Every structure is written in structure tokens, then in C-alpha cells.
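**Student:** Have a look at this prediction, sequence included:
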Amino acid sequence: MLRFVKKPVCLLLCALLSTPTMSWADASLEDLPEIGTTAAATLTIEKELEYGDAYMRMLRASKPIINDPLLSEYVQNLGHQLVANAQDVRTPFEFFLIQNREVNAFAFFGGHVALHSGLFLHAQSESELASVVAHEIAHITQRHLARSMEDQAKKSPATMAALIGSLMLAIASPEAGIAAIQATTAASVQGQINYTRSNEMEADRIGIATLAKSGFDVQAMPTFFGRLADQYRYASKPPAMLLTHPLPESRISDTRSRAAQYPPRRVPISETYLLAQARIIARYANLDSRNAMDWLNRKGKNASGAEKMAVDYGKALVLMDSGKYDEASALLTPLLSAEPGNRFFIDSATDLDLFQKRYDTAINRLQQALKSNSANAVLRLNLAHAFLEAGRAQDGLSILSRYSYDNPNDVNGWSMMAEAYATIGRRDGELAARAELMALRGDWEKAIQNYIQASQMVKVGSLDQARYDARIDQLRLARARFADL
């Protein structure tokens, strides 16, 4: 595997995770600075995409990314709803979740936006969550990382990478960054901090405009901001976001005044957000079953409509994961009857069937759902999983081969494909699928070795060998580009 620490630019790559995070936005754009394309001299869009891809591979190898198809679908849909109404979009966007109870979010090169699962514990509406995402989108569209690099290049090019690395580290973890910052001059440090603050204000202003255009409640921004500030005002250990991005009253007041410039908008309760929140509480909030159930019981007091459905859904997940299948079914069955096309309910009903070895029931349900939504990733993965559990690995492979072609960066498809090939005794296919998983984590050496072994196992001159050898060449080129960064 590549050893990043030997190249100075890797200080910057390792610091990218600490991009300025989570702030809020604005109702008028007249006072925004004129930025043009000043960052292009330092870092092109193409190079940003390379850095973003490299860092995403590093994240997959080191951070607890939530690879839950339902939750991935939710954050991708929410994010792209906002991107569709954002300005200056120059890159594709990818939104994903990290399992961490801290209230935080961050953005980095190549249109990547990460949300901590802890946001769902604190955001009381989809608009509040959307305000975080809109802010992070603005960091990317305004190219704040590239502009920060250019600002440093105007000073001392020899110390640019080290300075950015130490300052970005300090933004994410002040204690860890202190020693690194001491290696730079006080004037340079203060200049970089001021530049970062201006980026945050710009992301606030642009983000709130995006939020409004996307149909969300702009009042959610100052509401969420103010509630977090009040909640942790006297806390001995505030969340990471408040350590790195303090919430002075002036900033909260600014978001309030900007939000007030928009006409009031009544935004309906998002059932999908509530279901995603309940799923995180049940499975990704690092809560044991008792504490998860306590949280849901508190949430369910006086709840009705969509909120009651989400609470019952969350309880069904907790019960199912605790092996209490009959109790889970009693909650889930009426939900599925009320909304037979709801993928949250279909997914959980499928899991329940598979736990109880009702394979045909699960497969039939998913096949029916796919008739009206044949391209849906959640349903396709569920059906492939059901086939594998039912001992029909070849049927699962027919789905997974196409799915992984359509979604090459989804670890779920490759993991299930490796399992399917292992089940039918195709060692070369298993090695190739595991090689793709390794490549997604930046482990180029192991990925290449796996493909070499796979190529040696198949018939000389066969189509499989030609395919494996071609992939080896592609991975070697990718390894070289990765090293060049």
C-alpha cells in the first residue's frame, strides 16, 4: 500500500477532512465577494476531482462509513435536491454518512459531502438537516479549499502545504493542531484563520439561498444554530462543530435577519426524514436496544401520523435486531399494509422474512416492487441478498453483475458478489470482487495481486483472462496517478 506520509502534499490530503464545516446562510447575494475563477491558477477542477477520489478511498479505509442502502439513498436524494438549486456547480456531488454521534459535517474536493449520523439526533426536521447540507455544498461550489491554497501560495510556497495541513488539522481538532501551528508564524496563522472565517460567512449566505430555492424552511437555520448554542453554552465538552466553528450571538442574529427576508413557508413534515432518523437511532447511534427503545418511546409520546409511523418503524427494527420477530412483525405489518410501496418498510419486511427463512415470500415481494421501480438500488440489492440467503447464488449474481457495473463505487455490490462467487466455488470471481473492494479503499497492491491470481486461475486466452488482465493494467495506472498526488 502507498505510504502517504512521505510526500508533503499528503499533509494537505490528510487535512482535507477538516474542511470548514456546518454553518448557515443568507437571503441576499448582492454583498457576496466577486471570486471569479481565481483558484484555477493553483488547482484545476480536474485536479480537485483527483484529490477528492483519492481522499474518498482513504476515508473508506479508515472511517466508519455507513453503507446502508436506504440511508445512502436518502442523503443522496436530499443532497441532489439542493445541488439542483445551487449556483456555480462544477463537479458531480456525492453525499454519504459517517457513523459518529458528534454533531458535524464536512466537505472536500470533488463534490464529496459527509454527514455525521449524530446530526439526526439533533436535527428536528428535514429543513434543519438540509441547512447543514446546503452550507457544505456552498463550500464546494465556491472552491474554498482551492482558494485557501491560492491564498497560501501568495505567501511562502515552501511552507504552503505544511501551513494548510496544520491549520486544517487545528480546525478539526484544536488540541491536535496546536503543535503543528507553532511551526508557523503568528501572522500567517491569523491570516489563515481570518480567511477561513470569510469562507464560512460566504457559505452561510450562499447556503441559505440554496435552501430557499429548494423549498425548505429557511427559519430552520437560525433555529438549529440557536438551539445548539443554547444547549452547549456551558458544556465542558461541546460537540466538534462548536469547537471548530463557534456560534457567537452575532452570527446567529445574522442568520435570523437573513432568513426573515424570505416570506414564511410552511413545509410539510418529511416522513422519509423521520424514517431515516428512526433507522439511525435503531442501528447507527451506538445505542443498545434499551436506550434506543427509550429514545423512541420519548419521541413517540403524543406522536401521530408520520411521526407515529416512524417511531413504530424504529421500534420494529430494535425488536428485530434483538431476535423478537413476532413483536417486530406486529408493528411492521400494519405499516407495510398502509404503505406497501415504502422502501423502508419493504426492506425491513424482507429482513424479517429472511430471518424466519420465508425466502419465497421475501423474493416475491421484492420482484413485485421492482416491476414499478426496476432501477432502484435498494430493491435490487435486497433481491440479490434474498437470493443468496435462499441458496440461489447464481440468481443473485445475475443481479449483482449489472448492479456493480451501474454502481462501481458501492461496496455493498462487490461484497455480495464476492460472497456469491464463493458460494458457487468460483474462486477467480471471488478474488476479482474482493480486488474491487480493495481498490475502493486505495489498497492498490492487494487489488492488483488479487487480479493476478484470478487471471492465473482461468483458461489461457479466455475472455475472463482478457478481462482480468485489462483490469490489472487499469489498476496499475490508477496506482501511479494516486502516487503522483
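**Tutor:** On my side now, so go ahead.
**Student:** Need the contact partners of stretch 59-75.
**Tutor:** Contact with stretch 59-75 is made by 17, 95-100, 114-115, 117, 133, 272-273, 276, 279-280, 283-284, 343-344, 347, 377-378, 381-382, 410-412, 440-443, as judged by CB atoms under 8 Å, 6 or more residues apart in numbering. The C-beta positions use only the backbone N, C-alpha and C, and glycine is treated the same way.
**Student:** what do you get if the cut-off is 6 Å, keeping everything else the same?
**Tutor:** Residues from elsewhere that reach stretch 59-75, judged by CB atoms under 6 Å, 6 or more residues apart in numbering: 95-99, 276, 284, 347, 377-378, 381, 411-412, 440-442.
**Student:** And the pLDDT for the residue nearest to the spatial centre of the chain?
**Tutor:** Nearest to the centroid of the C-alpha atoms of the chain, with distances taken as CA atoms, centre = their mean, sits residue 96, at 1.1 Å. You'll see residue 96 listed with a pLDDT of 97.
**Student:** Check the one 10 residues further on too.
**Tutor:** The pLDDT attached to residue 106 in the predicted structure is 87.
**Student:** On the three-state scheme, it is what?
**Tutor:** Assigned state for residue 106: strand (three-state reduction, DSSP: H, G, I helix; E, B strand; the rest coil).
**Student:** what's around it, how many residues?
**Tutor:** Residues near residue 106, counting by other CB atoms under 10 Å, number 24.
**Student:** and if you look at the one 10 residues further on?
**Tutor:** Other residues within reach of residue 116 by the criterion other CB under 10 Å amount to 25.
**Student:** contacting residues for it?
**Tutor:** Residue 116 neighbours (CB under 6 Å, 6+ apart): 98, 100, 102, 104.
**Student:** cutoff 7 Å now
**Tutor:** 98, 100, 102, 103, 104, 105 (CB atoms under 7 Å, 6 or more residues apart in numbering).
**Student:** Among those residues, which one sits closest to residue 43?
**Tutor:** residue 105 (22.3 Å; CB to CB).
**Student:** what bridges to that closest one?
**Tutor:** residue 115 (DSSP bridges).
**Student:** in a strand, that's where the residue nearest to the centre of the chain is, yeah?
**Tutor:** Yes - under three-state DSSP, residue 96 falls within a strand.
**Student:** count of residues packed around residue 372?
**Tutor:** Count around residue 372 with other CB under 10 Å applied: 9.
**Student:** how far away is it from residue 112?
**Tutor:** Using CB to CB, to the nearest Å, residue 372 is found at 32 Å from residue 112.
**Student:** picking that back up, what's the farthest-apart pair in the contacts of residue 116?
**Tutor:** The widest separation within the contacts of residue 116, taken as CB to CB, falls between 98 and 103 and amounts to 12.1 Å.
**Student:** Neighbour count: these two, which is higher?
**Tutor:** Neighbour count, other CB under 10 Å: between residue 98 and residue 103, residue 103 has more, with 24 against 20.
**Student:** give me the element that one is part of.
**Tutor:** For residue 103, there is no helix or strand it lies in under DSSP states H and E.
**Student:** Could you tell me the phi and psi values at it?
**Tutor:** Per-residue torsions, residue 103: phi -80, psi 110 (degrees, to the nearest 10).
**Student:** And for residue 344?
**Tutor:** According to degrees, to the nearest 10, residue 344 has phi -60, psi -40.
**Student:** for residue 225, same thing?
**Tutor:** phi -60, psi -50.
**Student:** For the nearest residue to it once chain neighbours are set aside, which residues are in contact?
**Tutor:** Spatial nearest neighbour of residue 225, excluding adjacent residues (CB to CB, 6 or more residues apart in numbering): residue 252 at 5.1 Å. By CB under 7 Å, 6+ apart, residue 252 lies in contact with 222, 225, 226, 229.
**Student:** Would you mind measuring from residue 252 to residue 76?
**Tutor:** Counting by CB to CB, the gap from residue 252 to residue 76 is 30 Å.
**Student:** Next: residue 300.
**Tutor:** Taken as CB to CB, the span from residue 300 to residue 76 is 28 Å.
**Student:** got it, and residue 331?
**Tutor:** Residue 331 is 28 Å from residue 76, by CB to CB.
**Student:** Same check on residue 229?
**Tutor:** Residue 229 is 30 Å from residue 76, by CB to CB.
**Student:** so residue 368 is in which element?
**Tutor:** Per DSSP H and E: helix 359-372 holds residue 368.
**Student:** mind listing the strands for the stretch 101-250 of the chain?
**Tutor:** In the stretch 101-250 of the chain, the segments counted as strands under DSSP state E, counting those that start in this stretch are 105-108, 112-116.
**Student:** Output the longest one as CSV, nothing but the C-alphas.
**Tutor:** In CSV, the C-alpha atoms belonging to strand 112-116 read as follows (Å, rounded to 0.1, in the frame of the first residue of the first chain):
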residue,chain,number,x,y,z
HIS,A,112,-17.9,15.0,-1.6
VAL,A,113,-20.1,15.8,1.4
ALA,A,114,-20.0,13.7,4.6
LEU,A,115,-22.7,13.9,7.3
HIS,A,116,-22.2,12.5,10.8
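**Student:** Give me the angle between that strand and strand 94-98.
**Tutor:** 30 degrees (axes from the mean of the first three to the mean of the last three CA atoms, to 10 degrees).
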